[in-house]
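Colleague: Everything below, folded, please.
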Amino acid sequence: MRALLFDLDGVIYQEGQAIAGAVEVLAWVRAQRIPHLFLTNTSSRSRSAIVAKLAGMGIEVAEAEIFTPAVAAVDWLRANVSGRTALFIPEETKKEFRGLPLLDADAEQGAAAVVVGDLGQGWNFVTLNRAFRLLMGDSKPQLIALGMSRYWRAPEGLRLDTAPFVVALEHAAGVKPLVLGKPAEPFFQAALDILGSTAADTLMIGDDIRGDIGGAQNAGLSGMLVRTGKYRPDDLKQGVTPDAVIDSIADLPSWWRENGLDKSATHAPNHWVHFSHVADIGVRGYGRSLAESFEQTALAMTAVICDPLLVQPQERVRVSCEAADDELLLVQWLNALIYEMSVRGMLFSRFKVEISGLQLMAVAYGEQVDRQRHMPAVEVKGATYTELRVRQREGGGWLAQCVVDV
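Modeller: Okay, here's the model as predicted:
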């Protein structure tokens, strides 16, 4: 096990308070350099609001460390829908959908997609019926579910979540929802892509036996159930068998050590480092495959400019290049990214690379430069042939490196 996915509500915090030991465990995870991501079905808040809420509990998390159904939905809509989208989500969450063409709030026809999340007390007959009418319209919109959580634990008790309303619309309109959230397999795969990890090397930690544990296992991950949040003893009789069960997140470090995982954690297979070179900076990436080492080298280049965690993967840019050998291909790849950053005024924090022979096809995810928030330290002018090296490592995996001119 080399990477972790954490649910938030019920695992890291509960009823507005950090779960005992959670802050210390997250500090341990970072100290161990364990790749991790917070995977939550929360659709009642934007990531910025989630970050602020966590900070109020003493839990420090960056927006880029949080993956939500709304983020996945925005990616999908940009790639697959050209018309207007109808949103049935709280006003706060609508911030994630800025830049997309949206349907007027009272329109009952003309939607290309209907997005349903946790609207909470915003649901009433008129609102639900408007979603139904849109789905029955001539435009045949795609119904998108921001996760399929059945319920969650609020301070006053259990509350209905997204799934019951999606199921009602599915039944009434006779349409199949596209689920972008837990327990859908593509949602877990998207999280793995962000981490640069594989399903076999990743552990999902959650309190929902179906959404967290069952969903993760169906996607090929291992699942650890915590006895906090919405956990109930009957969960272990629901036909889903967790790979591990602990009392709370506070027990994770001891479980990790008892299972002999502490040694592998400090040398995560996919990671990057910088190395010194006179006035310039060396960037080096390690990966299980050649493509993953190229992804990590690109991330190291972003880290020359600013903290990659400050760069949100909101926009995607396709990049392709080819060269005579792997080392020249690395230089071409990095220079192609530098060109895209320059002409588009962007920074990138996530990469998906495919290499076939000596041809590279990739997607880079990032956002427009915000100098106040990103605080770029330098400008990378180009990737050079200095210290250029691409090779397989003894014991497996790949290394890719060169010096970049700043």
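Colleague: what about the helices in the stretch 201-350 of the chain?
Modeller: For the stretch 201-350 of the chain, the helices defined by DSSP state H, counting those that start in this stretch occupy 215-218, 252-258, 262-265, 290-305, 326-344.
Colleague: Tell me which of the ones you listed lies nearest to residue 376.
Modeller: Across those, residue 376 has its closest neighbour in helix 290-305 (4.9 Å, CB to CB). For glycine as for every other residue, the C-beta is placed from the backbone atoms N, C-alpha and C.
Colleague: orientation of the closest one relative to helix 326-344 in degrees?
Modeller: Counting by axes from the mean of the first three to the mean of the last three CA atoms, to 10 degrees, helix 290-305 lies at 50 degrees to helix 326-344.
Colleague: Quick check: mean pLDDT of stretch 399-406?
Modeller: The pLDDT scores in stretch 399-406 average 92.
Colleague: for that stretch, which positions count as buried?
Modeller: 399, 400, 401, 402, 403, 404 (16 or more other CB atoms under 10 Å).
Colleague: just the helices of the stretch 201-350 of the chain: most buried one?
Modeller: Highest mean neighbour count of those: helix 290-305, a mean of 24 (counted as mean count of other CB atoms under 10 Å).
Colleague: Pick out the shakiest of the helices of the stretch 201-350 of the chain, pLDDT-wise.
Modeller: helix 262-265 (a mean of 52).
Colleague: still on that earlier bit, out of the helices of the stretch 201-350 of the chain, which is closest to residue 206?
Modeller: Among the helices of the stretch 201-350 of the chain, helix 215-218 sits nearest to residue 206 (CB to CB), with 7.5 Å.
Colleague: how distant is that closest one from the center of its chain?
Modeller: Centre-to-centre, helix 215-218 and its host chain are 16 Å apart (CA atoms, centre = their mean, to the nearest Å).
Colleague: re the thing from before, may I see the buried residues of stretch 399-406 organised as JSON lines, with distance to residue 82 and secondary structure added?
Modeller: JSON lines is the format used below for the buried residues of stretch 399-406 (distance: CB to CB, whole Å; DSSP: H, G, I helix; E, B strand; the rest coil):
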{"residue": "399", "distance to residue 82": "42", "secondary structure": "strand"}
{"residue": "400", "distance to residue 82": "37", "secondary structure": "strand"}
{"residue": "401", "distance to residue 82": "41", "secondary structure": "strand"}
{"residue": "402", "distance to residue 82": "40", "secondary structure": "strand"}
{"residue": "403", "distance to residue 82": "43", "secondary structure": "strand"}
{"residue": "404", "distance to residue 82": "38", "secondary structure": "strand"}
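Colleague: Relative to residue 144, which of the residues you listed is nearest.
Modeller: residue 400 (37.2 Å).
Colleague: Output the below-cut-off pLDDT ranges for the chain.
Modeller: Under the criterion pLDDT under 70, the flagged ranges of the chain are 262-269, 278, 394-395.
Colleague: ok, the residue nearest to the spatial centre of it - contacts?
Modeller: When CA atoms, centre = their mean is applied to the chain, the residue found nearest the centroid is residue 67 (3.6 Å). By CB atoms under 8 Å, 6 or more residues apart in numbering, the contact set of residue 67 is 37, 38, 39, 40, 190, 191, 194.
Colleague: Is it possible to get JSON lines of the helices of the stretch 201-350 of the chain that adds distance to residue 175?
Modeller: Shown next, in JSON lines, are those (distance: least, CB to CB, whole Å):
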{"stretch": "helix 215-218", "distance to residue 175": "22"}
{"stretch": "helix 252-258", "distance to residue 175": "40"}
{"stretch": "helix 262-265", "distance to residue 175": "44"}
{"stretch": "helix 290-305", "distance to residue 175": "37"}
{"stretch": "helix 326-344", "distance to residue 175": "37"}
